[in-house]
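J.: Quick one, what's the 3D model for this:
(2 chains)
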2 protein chains.
Amino acid sequence: MKDIDIHQAPIGVFDSGVGGLTVVREIMRQIPQERIVYFGDTARVPYGNKSKDNIIRYSRQIIRFLRTQNVKAIVVACNTASACALEEIRPELDLPIIGVIKPGAKAAAGTTRNGRIGVIGTESTVNSQLYTDFIHDLNPDIRVIGKACPLFVPLVEEGWLKDPVTEEVARRYLEDMKQADVDTLILGCTHYPLLRSTVGKVMGAQVTLVNPAYETALELKELLQREGIAAESAPDSTQEAWPEHRFFVSDLADKFKDFANSILACEISRIRQIPIENY
Amino acid sequence: MKDIDIHQAPIGVFDSGVGGLTVVREIMRQIPQERIVYFGDTARVPYGNKSKDNIIRYSRQIIRFLRTQNVKAIVVACNTASACALEEIRPELDLPIIGVIKPGAKAAAGTTRNGRIGVIGTESTVNSQLYTDFIHDLNPDIRVIGKACPLFVPLVEEGWLKDPVTEEVARRYLEDMKQADVDTLILGCTHYPLLRSTVGKVMGAQVTLVNPAYETALELKELLQREGIAAESAPDSTQEAWPEHRFFVSDLADKFKDFANSILACEISRIRQIPIENY
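T.: Take a look at the predicted model:
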């Protein structure tokens, strides 16, 4: 009985806001039989310019909440929280937890041919140097160039995905990367895959863009199998038989719904707001 | 004895982050003898895209903190909190409190010649319609055109104050204002006075830009006199005799200091971080 329970238990996924839905999208594509409980910290978004201490505290509160939903594993879908809080929190937990940084670093290290990798992300993510550390664990000879791109998230949230303004901002942010002749660029913030075509245009077709969301979903799939906790039944092909995902936010459920429905293939109808500070 | 105390008591000023320092700057200019206790909610910034309920809750916590500092009056230096929380909170308080919206609205209504006023600000401020309501209280015939400009704050924080990108963004945001032929434009977010020259260039010299920070400092001065609680002694001309202001934040004191010292005329040395969620 207990075994059956854990196989059917949901996966907890959290992010500072809506961006982590790009990770949810990849999980739904690659392991559609798994149920997801998502939490977006829309009351305290963004994390990218806040302190490590506060990001750790916020992450602990969210994990306490996710545990009330009986999750079997946790995915930190936020690059900033993965960079600033994951290693601190992992020893406190008795269930598997993965972030987006290590899978992204591994994919980039396996992709580069000239040994030069660029990382773009929030200020906290880039300053943490964690992408660099993980890449150097795999190959200390790779040169890693980081650049914080604080305007990218507001540009995505404004919906200016393929816009001359966004392209000019990207040109400015990515100038050093081009100068450094990177052949692989990690999109180190969950919003950035939505700017893939603009970033790709600026960097040129010879540069491979790594989306950590995709790599993380792959790693999650392997992890669930390795631990023997993967969901057993594939979903029926009718929409009614899809696993029932659950979405929670700390602020403004309606606004979240609009963004979610623009990113995810399935329609989200119910999103609940919870007082995360109480956890 | 009690009278002397209240005259010398500080004024509490709060904002979602650093922007409210533009209001502090105006208060320091116009009533330099007053002591200020500032709180910037840098752990939960920005407020502009968050719900009214959360903004009210955050404002209540901050006011509880400011009362521990024995303030004699409170200035809500944040347009969003002024728009979403001030009217709700005022009846709960036994000390004077003012926001930035009413003074800004009054100045604009007194300035316009053609009866068309523009208001730019965060999404929450513009959606609240509060500038429009206050302007209509004074003159119901004035036409008010609002526009949320969500990229302006991140552009200011990136330091791109007079930049071709910022100018292009401003052109796009302000197009409707120009079409509507407004002759007065309210800079309805504390960061926007830092974009005054770019906004002025786009709107043209015939449009008057109203800075609510300036008007709020004027109203505060009158309020303190009316209530008989103004500080009595003018400051000495030596720096040592300046009133000792105090600055508090909920996150990252160092980063705040850099921004503060770029805005304020006096050097800020000590900024304390406090756990605002506990208030």
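J.: helix/strand/coil for the residue lying closest to A:A231 once chain neighbours are set aside?
T.: Closest residue to A:A231 apart from its sequence neighbours, by Cβ to Cβ, 6 or more residues apart in numbering or on different chains: A:Q33 at 4.4 Å. Every residue, glycine included, has its C-beta placed from N, CA and C. Following DSSP: H, G, I helix; E, B strand; the rest coil, the label given to A:Q33 is coil.
J.: tally of neighbours for A:Q33?
T.: A:Q33 sits with 15 neighbouring residues when counted by other Cβ atoms under 10 Å in any protein chain shown.
J.: Tell me if I'm right that A:Y38 and A:G19 touch.
T.: No - contact criterion Cβ atoms under 8 Å: A:Y38 and A:G19 do not qualify, at 11.4 Å.
J.: And the residue nearest to A:A231, how far from chain B?
T.: Distance, A:Q33 to chain B, by Cβ to the nearest Cβ, to the nearest Å: 35 Å.
J.: for the residue nearest in space to the middle of chain A, what are its contacts?
T.: Closest to where the C-alpha atoms of chain A average out (Cα atoms, centre = their mean) is A:A77, at 3.1 Å. A:A77 is in contact with A:V13, A:F14, A:D15, A:G19, A:G20, A:T22, A:V23, A:V24, A:V100, A:T190, A:A213, A:T216, counting by Cβ atoms under 8 Å, 6 or more residues apart in numbering or on different chains.
J.: Would you list the buried entries among the residues you listed?
T.: If you count burial by 16 or more other Cβ atoms under 10 Å in any protein chain shown, the buried members of the contacts of A:A77 come out as A:V13, A:F14, A:D15, A:G19, A:G20, A:T22, A:V23, A:V24, A:V100, A:T190, A:A213, A:T216.
J.: Tell me which of the residues you listed fall in helices.
T.: When DSSP state H is applied, the buried ones among the contacts of A:A77 are split such that A:T22, A:V23, A:V24, A:A213, A:T216 fall in helices.
J.: so how far is chain B from A:V210?
T.: A:V210 is 25 Å from chain B, where distance means Cβ to the nearest Cβ.
J.: That residue is in contact with A:A107, isn't it?
T.: Yes - A:V210 is within contact range of A:A107, at 5.0 Å (criterion: Cβ under 8 Å).
J.: In what element of secondary structure is the closest residue to A:Q69 other than its chain neighbours found?
T.: In space, and not counting its chain neighbours, A:Q69 is closest to A:V37: 4.5 Å by Cβ to Cβ, 6+ apart. Per DSSP states H and E, A:V37 falls inside strand A:36-40.
J.: Show me what that strand packs onto, helices and strands only.
T.: Counting contacts by 3 or more Cβ pairs under 8 Å, 6 or more residues apart in numbering or on different chains; DSSP states H and E, strand A:36-40 packs against strand A:11-15, helix A:21-30, helix A:52-68, strand A:246-249.
J.: rewinding a little: which one of the buried ones among the contacts of A:A77 is nearest to chain B?
T.: The closest of the buried ones among the contacts of A:A77 to chain B turns out to be A:G19 (Cβ to the nearest Cβ; 13.8 Å).
J.: Now do the contacts for A:F134.
T.: A:I101, A:K102, A:A105, A:K106.
J.: mind checking the SS state of it?
T.: helix.
J.: returning to what we had before: I'd like the buried ones among the contacts of A:A77 as a markdown table, with pLDDT appended.
T.: Formatted as a markdown table, these follow (pLDDT from 0 to 100):
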| residue | pLDDT |
| --- | --- |
| A:V13 | 98 |
| A:F14 | 98 |
| A:D15 | 97 |
| A:G19 | 93 |
| A:G20 | 96 |
| A:T22 | 94 |
| A:V23 | 96 |
| A:V24 | 96 |
| A:V100 | 98 |
| A:T190 | 94 |
| A:A213 | 96 |
| A:T216 | 97 |
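J.: Phi and psi next, for A:V76.
T.: Here is the backbone geometry of A:V76 (degrees, to the nearest 10): phi -80, psi 100.
J.: from memory it sits against A:S82, does it?
T.: Yes - contact status for A:V76 versus A:S82: in contact at 4.7 Å, counting by Cβ under 8 Å.
J.: related to what we said a few turns ago, mind checking how far the residue nearest to A:Q69 is from A:E277?
T.: Per Cβ to Cβ, to the nearest Å, A:V37 is found 19 Å from A:E277.
J.: which one of the two has more residues nearby?
T.: Of the pair A:V37 and A:E277, A:V37 is the one with more neighbours under other Cβ under 10 Å, namely 21 against 15.
J.: Next, the contact list for that one, please.
T.: By Cβ under 8 Å, 6+ apart, the contact list for A:V37 reads A:P10, A:I11, A:G12, A:V13, A:L66, A:Q69, A:V71, A:H245, A:R246, A:F248.
J.: A:I229 should be in a helix, yeah?
T.: No - the assignment for A:I229 by three-state DSSP gives coil, which leaves it out of any helix.
J.: Residue ranges of each domain in chain A, please.
T.: Listed domain ranges for chain A are A:2-99+A:214-278, A:101-212 (source: automatic domain parsing).
J.: Strands along the stretch 101-250 of chain A, start to end?
T.: Per DSSP state E, counting those that start in this stretch, the stretch 101-250 of chain A carries strands over the ranges A:116-121, A:143-148, A:184-187, A:208-210, A:246-249.
J.: pLDDT on the first one, on average?
T.: Averaging the model's pLDDT scores along strand A:116-121 yields 98.
J.: and what of the second one?
T.: When pLDDT is averaged over strand A:143-148, the result is 97.
J.: Around chain B, which positions in the stretch 51-200 of chain A sit nearby?
T.: Within the stretch 51-200 of chain A, the positions adjacent to chain B are A:51, A:54, A:150-151, A:154-155, A:157-158, A:164-165, A:168-169, A:172 by Cβ under 8 Å from any Cβ of the partner chain.
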